[in-house]
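Visitor: Here's a sequence, model it:
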Amino acid sequence: TSGGDCPSLNACIRAILKTATARNIEVYGLPIGFPGLLQDPPIAFKLDYESFASVSMLSKGGSRLGGFVASDYSPGFDVLTLDEKATKISAGIEQFGIDAIIATGGDSSFERIAELLQHVTASEGEENKIKIPFLGIPKTIDNDVPEAIFSLGFQSAVLVAARAIASVRDTAESHRRVIVVECMGREAGFLTLHAGLAGGADTILLPEYDIHGATLLDHIKKVYSENQCAIVAVSESISIPQTGEAATYTTADGGTRLGGSAEAVARFIADSLKIDARHHVLGHLQRGGSPNAFDRVLANTLGAHAVNELCEGVSGAFVTWNGFEIETVPLERVRGVNSKCISTTYPELIAARSMGIYCGEVP
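Guide: Purely as a prediction, here's the structure:
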């Protein structure tokens, strides 16, 4: 389970294990992903069927297998060349007798894997080619994986954020306040837009579109005059009105992370309109907790299909639901492609604007 955790990962692991076991295939887990295969000895363990195939896996959040974020292992992982990585990973696969790998991940995870696999294919002779059979399953609450309509965990995160947005309205109404709620999503606004619509936000600010300060204030002033309160949903990576850039903060190790957009927007509204404006950051609440029914069903479906596709010889791709059926997408189609984002023709964006919700300066 590469990348950040999200609801329904355990349901997906369960589906993979149950489908593989029905085919008399053993399943091993890689607690720290591909970097675990670079260790000596490689880090992997056989999944216990009674534990990992239990019904409780359907409702449990996080990943019982363990999470793997690429940045956590970059120092040891990135010093190796692509060829060295592929060789070591291939050796680890052979040591455990692994025939194929299934990984859940977002667009950045698939990008790194696609780069690795493409390098192997391009640099090795046919008879000496390093074989790393691989199939991916898109999962991210950001929902920004190209070619995937919905990624695992997205709908569950929307539900958490939508409930929070709806809940803070009670306080906003009682105390005649503007409350700004910050959602995750990185550079994509899908989570904020869907949660804002489902939670009844009056304003939804997205990273895809600039914010005109005066227009935002006029909109808030109008909503506030009608309701004596206003709810604003903002993405963590919007360009804030004060600077025109994303709000960030410095971590203890000197790194930079997104965060602070809700506080900045609340301060901008309070200072400009002399209205009591507060902010609330949902943060990792959106990534934890029990998955909803949609994500559980999607996790079961994609997990089972991944095993079946590998058994049919499919590799170097990921499985996804295209709205009608399960589709196998070659990694080549997403390598070097920008993350999915909200276009001007996105139906939910059109719906929001049609209902008078300010979403930034959409052309």
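
Visitor: the longest helix in the protein is where?
Guide: Taking DSSP state H as the criterion, the chain has its longest helix at helix 154-175.

Visitor: Next, the contact list for the residue most central in space within the chain, please.
Guide: Centroid check for the chain by C-alpha atoms, centre = their mean gives Thr140 as the closest residue, at 2.0 Å. By C-beta atoms under 8 Å, 6 or more residues apart in numbering, Thr140 lies in contact with Gly3, Gly4, Cys6, Gly105, Gly106, Asp107, Ser151, Leu152, Gly153, Phe154. Yep, even glycine has a C-beta here, placed from its N, CA and C like the rest.

Visitor: count of neighbours near the third one?
Guide: When neighbours are counted by other C-beta atoms under 10 Å, Cys6 registers 29.

Visitor: Now it. Nearest residue, chain neighbours left out?
Guide: Gly153 (2.7 Å; C-beta to C-beta, 6 or more residues apart in numbering).

Visitor: Can you list the residue ranges for strands in this structure?
Guide: Applying DSSP state E to the chain gives strands spanning 28-29, 45-46, 101-105, 134-138, 178-183, 203-205, 230-235, 248-250, 256-258, 277-281, 317-321, 326-330.

Visitor: Make CSV from the ones you listed and add mean pLDDT and distance to Gly66 to it.
Guide: As requested, the strands of the chain are exported to CSV (pLDDT from 0 to 100; distance: least, C-beta to C-beta, whole Å):
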stretch, mean pLDDT, distance to Gly66
strand 28-29, 92, 8
strand 45-46, 92, 10
strand 101-105, 89, 12
strand 134-138, 91, 16
strand 178-183, 98, 26
strand 203-205, 98, 35
strand 230-235, 98, 29
strand 248-250, 87, 27
strand 256-258, 86, 22
strand 277-281, 97, 26
strand 317-321, 93, 21
strand 326-330, 93, 26
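
Visitor: Need the ones you listed in TSV (columns: mean neighbour count).
Guide: Listed next are those as TSV, based on neighbours: other C-beta atoms under 10 Å:
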stretch	mean neighbour count
strand 28-29	17
strand 45-46	12
strand 101-105	24
strand 134-138	26
strand 178-183	28
strand 203-205	27
strand 230-235	29
strand 248-250	11
strand 256-258	13
strand 277-281	20
strand 317-321	24
strand 326-330	16
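
Visitor: Relative to Arg169, which of those strands is closest?
Guide: strand 230-235 (5.5 Å; C-beta to C-beta).

Visitor: For stretch 188-202, output the C-alpha coordinates as CSV.
Guide: The C-alpha coordinates for stretch 188-202 follow below in CSV (Å, rounded to 0.1, in the frame of the first residue of the first chain):
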residue,chain,number,x,y,z
ALA,A,188,-6.6,18.9,-7.2
GLY,A,189,-10.0,20.3,-5.9
PHE,A,190,-12.1,17.2,-6.3
LEU,A,191,-12.4,16.5,-2.5
THR,A,192,-13.2,20.1,-1.7
LEU,A,193,-15.8,20.5,-4.5
HIS,A,194,-17.6,17.2,-3.8
ALA,A,195,-17.6,17.8,0.0
GLY,A,196,-18.6,21.4,-0.4
LEU,A,197,-21.6,20.4,-2.6
ALA,A,198,-22.7,17.6,-0.3
GLY,A,199,-22.2,19.7,2.9
GLY,A,200,-24.0,22.8,1.7
ALA,A,201,-21.0,25.2,1.5
ASP,A,202,-21.8,28.7,0.3
